[in-house]
Structure formats: structure tokens, C-alpha cells
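Engineer: I need the structure of the sequence given here:
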Amino acid sequence: MDILIKSFNRVYYLNRCLYSISVHLKNFSGHIYILDDGTPNIYLQKIQSKFPNVIVLKSDNYDKKSKQIEDGNYKLPEIIPYNFWYDSALNISDYFFVLEDDMWFTDKIDVSRLKNNCRKENIALLKLFWVSNTKVIGDVSIKNVDNIILYNPIIQFRNPLIFEYIYTKYNPLWKKLMSILGLYSFQKELQYYTIYSVAGAIFKKDYYLKIWSNANNTINEKQQLIKAIKYNNKNKVAFGRTKKEVVKTGFISSAFPKYKLPDFSIHDFNVTLNEYWLLNDELFCSNLDLDIDENEIKRILKLSNKSERYISQWQYWVLNFKEEFQKMGCDI
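Structural biologist: Residues are numbered from 1 along each chain as shown. Sure thing, here's the model as predicted:
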């Protein structure tokens, strides 16, 4: 099985991801593709020197974005390279891992056995992590296979037109009306993710290409959920998860700005950590059981002459980021 890693300007996390692959994946003989959308080349060169077997692919926006980052111009176009991700999956293995650069493995995986079981059970999606949120992994187990649990997906409406009618309108009054009628709730919407995931999972290639087909370069998960519903209706496939989470994700940063703060920029933060990583890469792989130590991050920011105001706003940023997931039922 091959591995696709979506990457953008966080090599300190990407290093951690690749290191965890070398530590935890057994009987892995596939290719590792880094799908990069703008990480400056100086960082990617070091990644390739440390992990010479990885294959770096670059998006159409790579040159523009990497040049802006190198120039300290962080007004980056918020273009999601969906088509790049789709095209990168066309000619790889029939089952493959999809990770974000801020994800890493935390436990041993026998890739060969996992691949054979995915094929045998015709699994469309095998989740490796769900941030302890049971709403997105089904509440009824239908079969145990080795270290895999196949579950019954929870889908309120299997008709994609009904889903679109109820869940894709963003008018608050409409949602309130649907809630009063018992047709909409955030929890019911979240359960559709039992058949969908952005990353941190193993995908059947046919399924992945169907849900990412004809995507424009904007975020629209509702349209992908509709495609996932259609695929599930037309194909006799299984959905599952590993018995326990074997992947974790980080919460100290993101690839894109989320909150406007006067003295803090997430792009500047990522560049600061990337620069520190160039000379001190061992720090970011020291403990795969936990996220990168926030006290260490504070120390790095101080060494990089960031103000106390900058640091406090970063901490406020992290708090808000974590709360987003906690509100969805995740255990951070």
C-alpha cells in the first residue's frame, strides 16, 4: 500500500509523520508520496536527505505559494489543491493511506495483513483515527477481522437528494425549522462521517476517486458526503476502523489561518518552527505518544524573539482550535 501525505509548510510535523512511519509500519513496501502545496524548497531538501525514499510531488500553486512564504508575504491564496490530490491518486496502489502532515502513527501496523483484509472484506474506508469521537465510527459492530472492526454506518437519509435538501442550506432559519421538525441536528449530520474521512484512513482507490472527482479548489465537504452516500448506495462495500486508534494529529497549528489575531500569524508561526527544525530536528520526534510539548514551543518562540503578546495569542489560538473539536465530541 502506498501512502499519500498532504503537506503545506509544516516540515516540523511532516518530519514527525515520516519518522513514525519508519518506526511503526511493518511489512511496508509501498511508495510514500508527499503532496506539497508550497513548503519552501530548503525544508523539502532536508526532508529528502533524511528520508531518501520519499517522493515529493508539487501542486500547480507550489511556486507562487513557496515564493510568498520565502518573501514573508503571508497573504496566501486560500486555494485547496483538490485536483492535485485527485490526480496524485490515479496511478497508485488499489488501497492506500491518506495522511495530513500533522498526523503520525502511534502503534505498530502490519501493512501486508491490513491490505489483505481490506481486499478480502472489500472495505471502502478504514479509519485509523477518530479523535475518540464515537459518532463517526458507527455504533454497531458487525464483524471483527484481525485488528479491524467492521461497523454499520449510521446514515439518517440514504437518498442523497434529501441529504442535500436538509444539510446543504446555510440559512440559520432553515436549520432551526429542520431542527423543530426533527429532521436536522448536528449529531445526525456528524454521523454521516461514518462513511467519510478527509485523512487518517486507508481508502479503496475507486471510492477515493469517486468522492474527490470534479472537485473545485474550495472546501465543500457536503458535496463529498453526497458522493459518499451515492457510492455506498451503489456498491456493496464495508466500512471499518482499527480496533484502537493508531494515528494521532496535532493541535498546536494548522496549515491555514482560522482566527484573526492582531499580533499572531499562523503562517509566521509555522515558518518559525520550520526554521528551528532545520537545526534541531530531533526535538519533534521525541515522544510519539503525545503532541509536541507546548512548553517546548513557548521556549522556541522566545528563542526566536517572539513577544509575550505573540506567545499568549498563539496559546489563545490553540485553545480555540481544540475547542472546535471538543464541541464535535472529540476527546483532545
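
Engineer: What backbone torsions are found at Phe105?
Structural biologist: The phi/psi pair for Phe105 (degrees, to the nearest 10) reads phi -80, psi 140.

Engineer: I'd assumed Phe28 was in contact with it.
Structural biologist: No - contact status for Phe105 versus Phe28: not in contact, 10.6 Å apart, counting by C-beta atoms under 8 Å. Where you see a C-beta, it was placed from the backbone N, CA and C, and this is true even at glycine.

Engineer: Could you check which of these two is surrounded by more residues?
Structural biologist: Phe105 (23 against 20; other C-beta atoms under 10 Å).

Engineer: Next, show the common contact partners of Phe105 and Phe28.
Structural biologist: Between them, Phe105 and Phe28 share these contacting residues under C-beta atoms under 8 Å, 6 or more residues apart in numbering: Ile21.

Engineer: who touches the longest helix belonging to the chain?
Structural biologist: Criterion DSSP state H: the longest helix present in the chain is helix 308-327. Here helix 308-327 makes contact (C-beta under 8 Å, 6+ apart) with 131, 251-252, 254, 258-259, 261-264, 266, 269, 294, 297-298, 301-302, 332.

Engineer: now do 7 Å
Structural biologist: With C-beta atoms under 7 Å, 6 or more residues apart in numbering as the test, helix 308-327 has contacts from 131, 251-252, 254, 258-259, 261, 263-264, 269, 298, 301, 332.

Engineer: Equivalent analysis for stretch 38-45, please.
Structural biologist: 7-9, 11, 36, 56, 61-62, 65-66, 69-70, 274.

Engineer: Ok, stretch 286-306 next?
Structural biologist: Here stretch 286-306 has contacts from 20, 104, 106, 250-252, 272-273, 276, 283-284, 310-311, 314, using C-beta under 7 Å, 6+ apart.

Engineer: Just the C-alphas of that stretch, formatted as CSV.
Structural biologist: This file holds the C-alpha atoms of stretch 286-306, laid out as CSV (Å, rounded to 0.1, in the frame of the first residue of the first chain):
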residue,chain,number,x,y,z
SER,A,286,11.0,12.7,20.9
ASN,A,287,7.6,11.4,22.0
LEU,A,288,5.1,9.9,19.6
ASP,A,289,2.5,9.2,22.3
LEU,A,290,1.8,12.9,22.7
ASP,A,291,1.6,16.1,20.7
ILE,A,292,4.7,18.3,20.6
ASP,A,293,5.2,19.8,24.0
GLU,A,294,3.6,23.3,24.2
ASN,A,295,6.2,24.3,26.8
GLU,A,296,8.9,23.5,24.2
ILE,A,297,7.0,25.6,21.7
LYS,A,298,7.0,28.5,24.0
ARG,A,299,10.7,28.1,24.6
ILE,A,300,11.3,28.1,20.8
LEU,A,301,9.2,31.2,20.3
LYS,A,302,11.1,33.0,23.0
LEU,A,303,14.4,32.0,21.4
SER,A,304,13.1,33.3,18.1
ASN,A,305,12.4,36.7,19.8
LYS,A,306,8.7,36.5,19.7
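
Engineer: chain center to it: distance?
Structural biologist: The chain centre lies 22 Å from the centre of stretch 286-306; the measure is C-alpha atoms, centre = their mean, to the nearest Å.

Engineer: model confidence over that stretch, on average?
Structural biologist: Mean per-residue pLDDT for stretch 286-306: 95.

Engineer: host element of the spatially closest residue to Leu99 that is not a sequence neighbour?
Structural biologist: In space, Leu99 comes closest to Ile5 once its chain neighbours are excluded; the distance is 4.9 Å by C-beta to C-beta, 6 or more residues apart in numbering. According to DSSP states H and E, Ile5 maps onto strand 2-7.

Engineer: repeat for Lys115
Structural biologist: Here Lys115 is assigned to helix 111-121, by DSSP H and E.

Engineer: quick one: average pLDDT of the very next helix or strand once past that helix?
Structural biologist: Sequence order places strand 123-127 as the next helix or strand after helix 111-121, per DSSP H and E. Averaged over strand 123-127, pLDDT sits at 98.

Engineer: hang on, the earlier thing: turn the contacts of stretch 286-306 into JSON lines, columns for neighbour count and secondary structure.
Structural biologist: Below are those laid out as JSON lines (neighbours: other C-beta atoms under 10 Å; DSSP: H, G, I helix; E, B strand; the rest coil):
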{"residue": "Ser20", "neighbour count": "21", "secondary structure": "helix"}
{"residue": "Trp104", "neighbour count": "27", "secondary structure": "strand"}
{"residue": "Thr106", "neighbour count": "19", "secondary structure": "coil"}
{"residue": "Gly250", "neighbour count": "21", "secondary structure": "coil"}
{"residue": "Phe251", "neighbour count": "19", "secondary structure": "coil"}
{"residue": "Ile252", "neighbour count": "23", "secondary structure": "coil"}
{"residue": "Thr272", "neighbour count": "21", "secondary structure": "helix"}
{"residue": "Leu273", "neighbour count": "24", "secondary structure": "helix"}
{"residue": "Tyr276", "neighbour count": "20", "secondary structure": "helix"}
{"residue": "Leu283", "neighbour count": "19", "secondary structure": "helix"}
{"residue": "Phe284", "neighbour count": "22", "secondary structure": "helix"}
{"residue": "Tyr310", "neighbour count": "21", "secondary structure": "helix"}
{"residue": "Ile311", "neighbour count": "16", "secondary structure": "helix"}
{"residue": "Trp314", "neighbour count": "25", "secondary structure": "helix"}
